[in-house]
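J.: Based on what follows, work out the 3D shape:
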Amino acid sequence: MDSLTQIVLGGAIGNALLGRKLKNKAVLYGAIAGTVPDLDVLATFFTDPITALEFHRGITHSILFAIFGAFFFGYLLHWFERKKGVTYEEGCWFFFWGLFTHALLDVFTTWGTRVLWPMDYPFAFKSIFVIDPLYTIPFLFFLIRSMMEQTNIEKRLYFNKVGLYVSTVYLLLTLLLKAMAFYSFTAVLDQKHIAYKSMSVKPTAMNTILWTAIVETQDAFLIGEYSFFSDEPVTFQSYPKNHALIGGLENHQLITRLVKLSEGCYTFTEKNNEIYFNDLRFGVLREQGGEVQFAFSYKFDLDDKGELRAKEVKKDRGDGVKLLKSIWRKIWGLKED
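T.: All right, here's what the predicted structure looks like:
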């Protein structure tokens, strides 16, 4: 999830565990614990974008990191707050849950999380987008309300607990909404007698009302959308795989790395005699005049040594704004401008 959400979750966990002893400092320490796993993004400053993506949500999001990190950070917490009565055991427990709940929340998002690292499997329920105001805003409200209670500790912990309960119930609700959307997509595919190999269903940006399905067929991927607030029928847009465009390079190490990152949801396209790898997991950013720009695309070229390399295609912020407006219209079944 986004940084603010992880700070709120970490702060609430810290408040629940040591709010009696440390009050708002428990929220601060919890926010730090909730931020630490995402420091793996610093890898972007030391390596290429693809390697950084491979590293993201790996070791720092694992149970092992939560366990060993708890011993280290727990000792520091005990050292700084021993005069407040924080024991080493409490410090370890505090940071274990602060680190582990970060990874646990990320498992619900659309980006895989390797919680069992060094096992390489990315766990992902794909039931919530990485930014979801309906999850974060109520959670933040109750955390702030809790922090305002400086003398009435029971009231403080009550508001904090309400925030944890409300956010958890919403998170579980997203699983139910996903199941309902999945059923709607499969019903349409069956009605149209479309044979498919696999289907991935996930929410669109910043909501759990409009859902998208990525359906793999023999030669193409179909992408469709379904809204709980719209009576518009589900339609699918087809995007050919075009695997033949790369010729005999399908086993090239760069190609295999990109295929693994995309979890097998990818196509190749050609434009101006240049080949692009398109990661379909995050859908289409812009489609106009027959030209399609996916949210994540990589252009192949050769470096100075003649080695194949891939550069991520830069995105226009204006396209992001247009996408959010398009999502809003689709939620309500309104026609595109």
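J.: quick one: Gln237 and Glu287, what's the gap?
T.: Gln237 sits 8 Å away from Glu287, going by CB to CB, to the nearest Å. All C-beta atoms are positioned from the backbone trio N, CA, C, and that covers glycine.
J.: again with Ile194
T.: For Ile194, the distance to Glu287 - CB to CB - is 21 Å.
J.: again, but for Ile67
T.: Distance, Ile67 to Glu287, by CB to CB: 46 Å.
J.: what ranges do the strands span in the stretch 51-200 of the chain?
T.: 198-203 (DSSP state E, counting those that start in this stretch).
J.: shaky segments in it?
T.: The model of the stretch 51-200 of the chain has no residue with pLDDT under 70.
J.: Using the record's assignment, carve this structure into domains.
T.: Listed domain ranges for the chain are 3-174, 194-331 (source: automatic domain parsing).
J.: which residues of this protein fall in helices?
T.: Along the chain, the stretches classed as helices by DSSP state H are 3-22, 24-35, 49-55, 63-81, 88-107, 133-147, 153-191, 253-261, 317-331.
J.: For Glu225, find the nearest of the ones you listed.
T.: Nearest to Glu225, of all those, is helix 317-331, at 6.0 Å by CB to CB.
J.: Run a quick neighbour tally on Lys330.
T.: 21 (other CB atoms under 10 Å).
J.: surely it meets Phe228?
T.: No: contact criterion CB atoms under 8 Å: Lys330 and Phe228 do not qualify, at 11.4 Å.
J.: Make a markdown table from the helices of the chain and add distance to Arg281 to it.
T.: Converted to a markdown table, these look like this (distance: least, CB to CB, whole Å):
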| stretch | distance to Arg281 |
| --- | --- |
| helix 3-22 | 20 |
| helix 24-35 | 25 |
| helix 49-55 | 12 |
| helix 63-81 | 24 |
| helix 88-107 | 15 |
| helix 133-147 | 20 |
| helix 153-191 | 15 |
| helix 253-261 | 9 |
| helix 317-331 | 15 |
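J.: Can you report how many residues lie near Phe296?
T.: If we define neighbours as other CB under 10 Å, then Phe296 has 20 of them.
J.: bridging residues for it?
T.: Phe296 has these beta-bridge partners by DSSP bridges: Asp279.
J.: how near is it to Pro49?
T.: Taking CB to CB as the measure, Phe296 falls 10 Å from Pro49.
J.: Mutual contacts of these two, please.
T.: Glu312 (CB atoms under 8 Å, 6 or more residues apart in numbering).
J.: one step back: out of the domains of the chain, which is the most enclosed?
T.: Most buried of the domains of the chain, by mean neighbour count (mean count of other CB atoms under 10 Å): domain 3-174, with a mean of 19.
J.: Start and end of that domain, how far apart?
T.: In domain 3-174, first residue to last residue: 20 Å (CA to CA, to the nearest Å).
J.: how far does stretch 241-257 sit from the chain's center?
T.: 26 Å (CA atoms, centre = their mean, to the nearest Å).
J.: And stretch 316-324, by the same measure?
T.: 19 Å.
J.: contacting residues around that stretch?
T.: 205-206, 285-286, 293.
J.: what do you get if the cut-off is 7 Å, keeping everything else the same?
T.: Residues from elsewhere that reach stretch 316-324, judged by CB atoms under 7 Å, 6 or more residues apart in numbering: 205, 285-286, 293.
J.: and the residue lying closest to Leu53 once chain neighbours are set aside, how far is that from Glu54?
T.: The spatially closest residue to Leu53, leaving aside those adjacent along the chain, is Leu261, at 5.8 Å (CB to CB, 6 or more residues apart in numbering). Distance of Leu261 to Glu54, computed by CB to CB: 7 Å.
J.: Ala12 too?
T.: 31 Å.
J.: isn't Asn160 right up against Asn15?
T.: Yes: using CB atoms under 7 Å, Asn160 is in contact with Asn15, at 4.7 Å.
J.: shared neighbours of these two, anything?
T.: The contact lists of Asn160 and Asn15 share Ser146, where a contact means CB under 7 Å, 6+ apart.
J.: Which residue, other than its chain neighbours, is closest to Asp301?
T.: Counting by CB to CB, 6+ apart, the residue nearest Asp301 is Arg309, at 6.3 Å.
J.: Just the local confidence number for the one you found, please.
T.: Looking at Arg309, its pLDDT is 88.
J.: With only the CA atoms kept, save stretch 274-294 in CSV.
T.: Only the C-alpha atoms of stretch 274-294 are listed here, as CSV (Å, rounded to 0.1, in the frame of the first residue of the first chain):
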residue,chain,number,x,y,z
GLU,A,274,10.7,-0.7,-32.2
ILE,A,275,9.6,-3.6,-30.0
TYR,A,276,7.8,-3.0,-26.7
PHE,A,277,7.1,-5.4,-23.8
ASN,A,278,3.7,-4.6,-22.2
ASP,A,279,2.9,-5.6,-18.6
LEU,A,280,-0.9,-6.0,-18.6
ARG,A,281,-1.4,-6.4,-14.8
PHE,A,282,-2.1,-2.7,-14.3
GLY,A,283,-4.2,-2.3,-17.4
VAL,A,284,-4.4,0.4,-20.1
LEU,A,285,-3.3,3.9,-19.4
ARG,A,286,-4.5,5.5,-22.6
GLU,A,287,-6.2,4.2,-25.8
GLN,A,288,-6.8,6.7,-28.6
GLY,A,289,-6.9,6.4,-32.4
GLY,A,290,-5.9,2.8,-32.3
GLU,A,291,-2.8,3.5,-30.3
VAL,A,292,-2.6,1.8,-26.9
GLN,A,293,-0.4,2.8,-24.0
PHE,A,294,-0.3,0.4,-21.1
